[in-house]
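Engineer: 3D, please:
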Amino acid sequence: MDSTFRSGLILIAGIVVLIASAIASALSVDSSVVTNALLVAGLLLSLWALFKLRIDIRLLFSANRRELLLSTVGVLGVLVAIAWVSALYPKRFDLTATQEYSLAPETVAMLKTIDRPVHITFFHDRGMRETVELYELFAAQNSKISAEFFDPTLNPAQAKLRGVQFAGTALFESEGRKLTVNGPTETDIANGLLRVTQAKQQLACFVEGHGEPNPFSLESHDHTEGAAGHAHGLETKVVQHEQHGMAKARGALEALNYLVEKVSLMQANTDLSRCSVLIVAGPQMQLLEPEVKAIDAYLDNGGKAMFMIDPFIKTGLDRVIAKFGIVLEDDMVIDPASHFWADPSTPAVSDYNPHEITSKLPQTFFPGARSLMPTAAAVPGVSVRQLVNTSKKSFSNSDRTKVEFVEGKNRGGPLTIMATSRINPQTVESAETLMRRLRGEKVDAAKPITERKEARIVVVGDSDFATNSFYHLVGNGTLFMNAVNFLAARDNLIGLKPRTYDLPLVVMTNTQMKGTFVLSIILIPLLMAALGIAVWWRRR
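Structural biologist: Coordinates of the predicted model:
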């Protein structure tokens, strides 16, 4: 065996022994003898090998090999510099199609609004690396959020000090408030941050007892064409469709720190004043007079409510909503130009009127929607904002059995299917009173233009868009959450929708479907045929 090769093996063995010495020193507590023995053995082997290789080492620095040596050292230096810079300024790249390992844009926007210091202590084991990285992502978005990590097995004193027994427990602390979070998901962590930074938890109340979708039910249905499923348009008599659940909407509310309850308006002990937001989601029968009065009184006292009223349903809430300057039309919107799949009674909307609720909102659709209108005469102290309008080619259809547009009978588009209204009890003065005040004369205090307290509502001509079957599609869930957060005056949460993982689904309007069909079935095959004919003709 060549002496140079043997000396090289001895040098490698010496380096291995030195590494073993360092490992023994790091892992052992009382092992100075073993560590020192390995250290001495490694040094002796390395020095002996270097002595035997002295001639070869000298040749490396000769003129012939100096350029090769410098090139090698330069490449190694560049690699070390890149590694050092990447350690100082780490950058992550999430190459997954759904960005599963990155924070949702809505979560990032919410984190930017946190203005109170939050300290997170997360106890983990070696199998929770992904959760640790998730907490690091949260802390990187806002300088007021800090995080530290402990393994309760290796740091039992820290775990005992904080009363933690199991890995996977996170402690959130902010200005004297403490919270324990055990969930590992993005929504669990975001929920914890919201709860620990906000002084109180708000209550979302769902009215029940009239066939409304159950917020605690995961029931959903297929909505394919034909006998395989069911639809919500005119052809199915929309008032008779199977009942859906709204558990996805309820889960999203709870993930954003809302408490969710069902309330029965006929119970004597029902106190609506506890509700931050009252949600009337798709009643299928008329409310009784005491129930209507209870909702009216709640709004008179400054309440916030979201009404989702399906077409052709008599709910008895018309006069309550009319006080806010909005009229529910007895019709169903038909939109031949922009609708979901092949159902013109399911209008799809991608352009919205400017408002906090609709800001940066993707496409939404409404399976069977009625239209809304402002009242003929303006209501004093009330401001109405139209949010969602259908296309210009849409029209209102008041016939429950067939679709037809009758000039002078049906209204043409664009039609409003979602609006918000606010009662603002401002005070006004007559011109004479104002002039007397300017002259310095004594005048009576101005009276409010309405005796009602400040209140706001959101009215949607459909409830199905927020049910389990449609909540997770395109922007439907975001629209529902934005509306609730707007009513609850939680502007920092508008646009924040907890992430749901559903099977990929392409949602297109009828125009997009026709364009895709023409492009893929007609144009591309014709183009390929034309190219083939041209090549054949040229070769011929």
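
Engineer: the stretch 351-500 of the chain: strands as residue ranges?
Structural biologist: Using DSSP state E, counting those that start in this stretch, the strands found in the stretch 351-500 of the chain span residues 364-365, 372-374, 382-389, 395-397, 416-423, 455-460.

Engineer: residues contacting the third one, please?
Structural biologist: Contact partners of strand 382-389, identified using Cβ atoms under 8 Å, 6 or more residues apart in numbering, comprise 323-326, 349, 351-353, 355, 357-358, 364, 372, 374, 413-424, 450, 458, 460. C-betas here are computed from N, CA, C, even on glycine.

Engineer: in the stretch 1-150 of the chain, which spans are helices?
Structural biologist: Listed in chain order, the helices of the stretch 1-150 of the chain (DSSP state H, counting those that start in this stretch) span 3-27, 32-52, 54-60, 63-88, 105-112, 129-140.

Engineer: by mean pLDDT, show me the worst of the ones you listed.
Structural biologist: Mean pLDDT across the helices of the stretch 1-150 of the chain is lowest at helix 54-60; the value there is a mean of 71.

Engineer: turn the strands of the stretch 351-500 of the chain into JSON lines, columns for distance to residue 510.
Structural biologist: Listed next are the strands of the stretch 351-500 of the chain as JSON lines, based on distance: least, Cβ to Cβ, whole Å:
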{"stretch": "strand 364-365", "distance to residue 510": "11"}
{"stretch": "strand 372-374", "distance to residue 510": "24"}
{"stretch": "strand 382-389", "distance to residue 510": "18"}
{"stretch": "strand 395-397", "distance to residue 510": "16"}
{"stretch": "strand 416-423", "distance to residue 510": "17"}
{"stretch": "strand 455-460", "distance to residue 510": "22"}
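
Engineer: looking at those, spot the one closest to residue 195.
Structural biologist: Nearest to residue 195 among the strands of the stretch 351-500 of the chain is strand 455-460; the distance by Cβ to Cβ comes to 24.5 Å.

Engineer: partner strands of the closest one, with direction?
Structural biologist: Strand 455-460 has its sheet partners listed here by DSSP bridges as strand 304-308 (parallel), strand 416-423 (antiparallel).

Engineer: got the angle between the longest one and strand 382-389?
Structural biologist: Going by axes from the mean of the first three to the mean of the last three Cα atoms, to 10 degrees, strand 416-423 is angled at 160 degrees with respect to strand 382-389.

Engineer: over to the first one?
Structural biologist: Here strand 304-308 runs at 40 degrees with respect to strand 382-389, directions being taken by the same axes, to 10 degrees.

Engineer: and after strand 304-308, which helix or strand comes next?
Structural biologist: Downstream of strand 304-308, the next assigned helix or strand under DSSP states H and E is helix 318-322.

Engineer: any residues touching that following helix, and which ones?
Structural biologist: By Cβ under 8 Å, 6+ apart, the residues outside helix 318-322 that reach it are 292, 295-296, 299, 307, 327-328, 375, 457, 459.

Engineer: list the buried residues for it?
Structural biologist: Along helix 318-322, these residues count as buried under the neighbour rule (16 or more other Cβ atoms under 10 Å): 320-321.

Engineer: what do you get for stretch 298-318?
Structural biologist: Across stretch 298-318, burial judged by 16+ other Cβ under 10 Å covers 298-299, 303-311, 313, 315-317.

Engineer: residue 533: how many residues sit nearby?
Structural biologist: Neighbours of residue 533 under the rule other Cβ atoms under 10 Å: 10.

Engineer: ok, now residue 378?
Structural biologist: Residue 378, neighbours per other Cβ under 10 Å, totals 11.

Engineer: check which residues of the helix or strand hosting residue 261 are buried.
Structural biologist: Mapping residue 261 onto the secondary structure by DSSP H and E places it in strand 258-263. For strand 258-263, burial by neighbour count (16+ other Cβ under 10 Å) applies to 258, 260, 263.

Engineer: what's the answer for stretch 332-346, then?
Structural biologist: By neighbour count on 16+ other Cβ under 10 Å, the buried set for stretch 332-346 is 332-335, 337-341, 343-346.

Engineer: quick check: end-to-end length of it?
Structural biologist: Terminal residues of stretch 332-346 are spaced 9 Å apart (Cα to Cα, to the nearest Å).

Engineer: next: stretch 105-121.
Structural biologist: Taking Cα to Cα, stretch 105-121 runs 24 Å from one end to the other.

Engineer: equivalent analysis for stretch 330-342, please.
Structural biologist: By Cα to Cα, one end of stretch 330-342 lies 24 Å from the other end.

Engineer: just how off-centre is it within its chain?
Structural biologist: Its chain's average C-alpha position is 27 Å from that of stretch 330-342, according to Cα atoms, centre = their mean, to the nearest Å.

Engineer: next one: stretch 174-186
Structural biologist: The answer for stretch 174-186 is 19 Å, by Cα atoms, centre = their mean.

Engineer: quick revisit: just the ones in helices from the contacts of helix 318-322, please.
Structural biologist: Mapping those onto helices (DSSP state H) picks out 292, 295-296, 299.

Engineer: hmm, which of the residues you listed are the buried ones?
Structural biologist: Buried members of those, scored by 16+ other Cβ under 10 Å, are 292, 295-296, 299.

Engineer: determine which two of the residues you listed are furthest apart.
Structural biologist: So, these by Cβ to Cβ: farthest apart are 292 and 299, at 11.0 Å.

Engineer: picking that back up, could you dump the strands of the stretch 351-500 of the chain to JSON lines with distance to residue 41 and mean pLDDT?
Structural biologist: Below are the strands of the stretch 351-500 of the chain laid out as JSON lines (distance: least, Cβ to Cβ, whole Å; pLDDT from 0 to 100):
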{"stretch": "strand 364-365", "distance to residue 41": "73", "mean pLDDT": "94"}
{"stretch": "strand 372-374", "distance to residue 41": "87", "mean pLDDT": "93"}
{"stretch": "strand 382-389", "distance to residue 41": "78", "mean pLDDT": "94"}
{"stretch": "strand 395-397", "distance to residue 41": "92", "mean pLDDT": "91"}
{"stretch": "strand 416-423", "distance to residue 41": "79", "mean pLDDT": "94"}
{"stretch": "strand 455-460", "distance to residue 41": "78", "mean pLDDT": "95"}
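
Engineer: is it possible to mark the buried ones in the contacts of strand 382-389?
Structural biologist: By 16+ other Cβ under 10 Å, those give 323-326, 349, 352, 355, 357-358, 364, 372, 374, 413-423, 450, 458, 460 as buried.

Engineer: quick one, what contacts the residue nearest to residue 274 when sequence neighbours are not counted?
Structural biologist: Leaving aside its chain neighbours, residue 274 sits nearest to residue 203 (5.6 Å; criterion: Cβ to Cβ, 6 or more residues apart in numbering). By Cβ under 8 Å, 6+ apart, the residues touching residue 203 are 258-261, 274-277.

Engineer: just the endpoints, please. Distance across stretch 56-68?
Structural biologist: Termini of stretch 56-68 sit 15 Å apart (Cα to Cα).

Engineer: try stretch 368-382
Structural biologist: First-to-last residue span, stretch 368-382, Cα to Cα: 28 Å.

Engineer: buried ones in that stretch?
Structural biologist: Within stretch 368-382, the residues scored as buried using 16+ other Cβ under 10 Å are 368-375, 379, 381-382.

Engineer: just send these back as JSON lines, with distance to residue 524 too.
Structural biologist: Converted to JSON lines, the buried residues of stretch 368-382 look like this (distance: Cβ to Cβ, whole Å):
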{"residue": "368", "distance to residue 524": "36"}
{"residue": "369", "distance to residue 524": "36"}
{"residue": "370", "distance to residue 524": "41"}
{"residue": "371", "distance to residue 524": "40"}
{"residue": "372", "distance to residue 524": "43"}
{"residue": "373", "distance to residue 524": "45"}
{"residue": "374", "distance to residue 524": "48"}
{"residue": "375", "distance to residue 524": "52"}
{"residue": "379", "distance to residue 524": "56"}
{"residue": "381", "distance to residue 524": "59"}
{"residue": "382", "distance to residue 524": "54"}
